[in-house]
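**Student:** The amino acid sequence is not available; the structure is as follows:
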């Protein structure tokens, strides 16, 4: 069964700290791994994405680390700000796009000022 | 470019009724995917349409259906509504389905 397991379910980080969210997958046919950010009342917004031929990708304060052999990937938010408080979803998509995106259950992140 | 738009934003229906939700993708995008978001099950893939054809389908009963028009706009229909169908229904568009998906704000459906 295609699954993406995400942890932790919730996370509280102090302003200026590093937020780390982890995901693990089982299906080696996944070849695209995006992270989405969702605020209450809004649809998910793409934050950053990576493919398995790259071990790390950085965009501003957001970094994805990817470990192909362990079938794990993580999101790091550096210098976390109160405006980063949101729900974050990791996702995976199979080669060719079949079956759409498979999402993790989400992490509710709170950045305390 | 304008983003993905969904109408209506909120909807209240009663059990047994049917509902139609609409999605307008980003201009130039030909793929539209639909997802259901609930607190218990999270985000789940319903189906994807590309060039007016259903290309992929998730694990949902036949009460859930959709279609896509020649201008890439898409509708999804849920017949014989059940209480468990209460959810946020999200539409996402992409150029061809294999590229990045951009989500709309969703339609929140409440079934009483």
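**Tutor:** Alright, I've got the coordinates. Predicted model, so just to flag it, every value in this text is computed and none were measured.
**Student:** for chain B, what are the nearby residues on chain A?
**Tutor:** If contact is defined as Cβ under 8 Å from any Cβ of the partner chain, the residues of chain A in contact with chain B are A:34, A:36, A:41-46, A:49, A:89, A:91, A:96-106. Backbone N, C-alpha and C define where each C-beta goes, glycine included.
**Student:** Just the buried ones out of the residues you listed, please.
**Tutor:** Members of the residues of chain A next to chain B that pass the buried threshold by neighbour count (16 or more other Cβ atoms under 10 Å in any protein chain shown) are listed as A:34, A:36, A:43-44, A:49, A:89, A:91, A:97, A:99-106.
**Student:** so of these, which ones are in strands?
**Tutor:** Judged by DSSP state E, strands contain the following of those: A:34, A:36, A:49, A:89, A:91, A:101, A:102, A:103.
**Student:** which among the residues you listed gets closest to chain B?
**Tutor:** Checking those against chain B by Cβ to the nearest Cβ gives residue A:103 as the nearest, at 4.0 Å.
**Student:** where are the low-confidence patches of the chain?
**Tutor:** In the absence of a named chain, chain A is used. Judged against pLDDT under 70, the low-scoring parts of chain A cover residues A:1-2, A:97-98.
**Student:** look at chain B instead
**Tutor:** Applying pLDDT under 70 to the predicted model, the residue ranges of chain B that meet it are B:1, B:97-99.
**Student:** The residue nearest the centre of it in helix, strand or coil?
**Tutor:** When chain B is reduced to its mean C-alpha position, the nearest residue by Cα atoms, centre = their mean turns out to be residue B:34, at 3.4 Å. Following DSSP: H, G, I helix; E, B strand; the rest coil, the label given to residue B:34 is strand.
**Student:** Quick one: residues contacting it.
**Tutor:** B:23, B:45, B:46, B:47, B:48, B:66, B:74, B:76, B:89, B:90, B:91, B:92 (Cβ atoms under 8 Å, 6 or more residues apart in numbering or on different chains).
**Student:** Can you report how many residues neighbour the residue nearest to the fourth one when sequence neighbours are not counted?
**Tutor:** Put plainly, it is residue B:47. Of all residues beyond its chain neighbours, the one nearest residue B:47 is residue B:57 (4.6 Å), with distances taken as Cβ to Cβ, 6 or more residues apart in numbering or on different chains. Using other Cβ atoms under 10 Å in any protein chain shown, residue B:57 has 16 neighbouring residues.
**Student:** surely residue B:57 meets residue B:49?
**Tutor:** No. Using Cβ atoms under 8 Å, residue B:57 is not in contact with residue B:49, being 10.1 Å away.
**Student:** returning to that earlier point: tell me which residues touch the residue nearest to residue B:47, please.
**Tutor:** In this structure, residue B:57 makes contact with B:46, B:47, B:48, judged by Cβ under 8 Å, 6+ apart.
**Student:** With residue B:4 instead?
**Tutor:** Residues in contact with residue B:4, defined by Cβ under 8 Å, 6+ apart, are A:43, B:23, B:24, B:25, B:26, B:91, B:92, B:93, B:102, B:103, B:104, B:105.
**Student:** Quick one: the strands in the chain, in order.
**Tutor:** I went with chain A, as the question did not name one. Taking DSSP E, the strands of chain A run over residues A:4-7, A:10-14, A:19-25, A:30-38, A:45-50, A:56-59, A:62-67, A:72-77, A:86-94, A:101-103, A:107-112.
**Student:** that answer is for a different chain, and I need it for chain B
**Tutor:** In chain B, the strands defined using DSSP E lie at B:5-7, B:10-13, B:19-24, B:31-38, B:42-50, B:53-57, B:64-68, B:74-78, B:87-94, B:102-103, B:107-111.
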